[in-house]
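Chemist: please find the sequence and the predicted model below.
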Amino acid sequence: MRHNRSMTVLFRCRIEKPHLEKANRVTRKLGTSTSEMVRIFVTQIARTGKVPLRLDPGQDDPIGGAWERRAATLESFYDKSKAC
């Protein structure tokens with residue numbers, strides 16, 4: 001399968017370094033990369049119109065932390081008064 005580079009975009013996101021390092025170890029054991037797993041995840045969302053995992057806003061995410069803290073972190077990226 002050939003990739004048509006003109007049909008792709010660079011997607012960037014922030015993630016805590018320890019989480020990325022652990023994800024890299026896991027995906028290497030699976031014989032793939034974290035980048036490839038993200039491509040699979042996004043493709044599955046586009047294909048099915050659903051997120052391929054269970055999200056329960058009533059409980060804290062043991063990996064991402066409390067939903068309120070995650071929301072505040074995301075909002076801080078867009079709050080110009082908190083910009084560096």
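Modeler: Structure received.
Chemist: please pull out the lowest mean pLDDT helix or strand from the chain.
Modeler: When the helices and strands of the chain are scored by mean pLDDT, DSSP states H and E, helix 67-78 comes last with a mean of 69.
Chemist: now do the helices in the protein.
Modeler: According to DSSP state H, the chain carries its helices in the segments 17-29, 34-48, 67-78.
Chemist: out of these, flag the one nearest residue 9.
Modeler: For the helices of the chain, proximity to residue 9 was assessed by Cβ to Cβ; helix 34-48 is nearest, at 10.8 Å. For every residue, glycine as well, the C-beta is placed using N, CA and C.
Chemist: check which helices and strands the closest one sits against.
Modeler: When contacts are defined as 3 or more Cβ pairs under 8 Å, 6 or more residues apart in numbering; DSSP states H and E, helix 34-48 packs onto helix 17-29.
Chemist: below-threshold pLDDT in the protein: ranges please.
Modeler: For the chain, the stretches with pLDDT under 70 are 1-6, 55-68, 70-71, 73-74, 77, 79-84.
Chemist: and the helices of the chain as a markdown table, adding distance to residue 10?
Modeler: Output for the helices of the chain, formatted as a markdown table (distance: least, Cβ to Cβ, whole Å):
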| stretch | distance to residue 10 |
| --- | --- |
| helix 17-29 | 17 |
| helix 34-48 | 11 |
| helix 67-78 | 18 |
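Chemist: mind putting these into JSON lines with distance to residue 9 and mean neighbour count?
Modeler: Output for the helices of the chain, formatted as JSON lines (distance: least, Cβ to Cβ, whole Å; neighbours: other Cβ atoms under 10 Å):
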{"stretch": "helix 17-29", "distance to residue 9": "20", "mean neighbour count": "12"}
{"stretch": "helix 34-48", "distance to residue 9": "11", "mean neighbour count": "12"}
{"stretch": "helix 67-78", "distance to residue 9": "19", "mean neighbour count": "11"}
